[in-house]
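[1] sequence plus the predicted model coming up.
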Amino acid sequence: MPLNDNLHRYWQKNLRLTSVLMAIGFVVTFGVAFFARDLSFKFFGWPFSFWVASQGALLVYCLIIAWYARAMRRLDEEHGVAEED
């Protein structure tokens with residue numbers, strides 16, 4: 001059973017959004033942690049690289065989740081697949 005054009009566009013936008021947010025998560029997880037070794041000053045008594053790896057990444061992950069939920073709500077409404085409250 002082929003998907004109609006509306007659902008196909010919905011799925012393409014969903015995949016694009018997910019891919020972008022996963023790429024951001026990848027960069028935060030591996031890229032920032034890799035380059036954080038060069039940040040060698042103290043921040044609230046801890047090495048700044050430790051703070052970036054532990055606190056900064058968690059903040060970014062929470063922002064990614066919030067952004068995804070908001071964007072998917074708008075996308076669902078735009079394509080008529082939103083759940084009724």
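    All right, it came through fine. Residues are numbered from 1 along each chain as shown.

[2] residue boundaries of the strands in the chain?
    For the chain, applying DSSP state E gives strands covering 42-43, 46-47.

[3] what does the first one rub up against?
    Same thing as strand 42-43. Contacts with strand 42-43, where a contact means Cβ atoms under 8 Å, 6 or more residues apart in numbering, come from 48, 51. To be clear about C-beta, it is placed using only N, CA and C from the backbone, and glycine gets the same treatment.

[4] right, and residue 60 touches residue 28 too?
    Yes: using Cβ atoms under 8 Å, residue 60 makes contact with residue 28 at a distance of 4.7 Å.

[5] give me the more crowded residue out of the two.
    More neighbours surround residue 28 than the other of residue 60 and residue 28, with 20 against 16 (other Cβ atoms under 10 Å).

[6] where does this protein have low pLDDT?
    Applying pLDDT under 70 to the chain flags the ranges 1-3, 39, 85.
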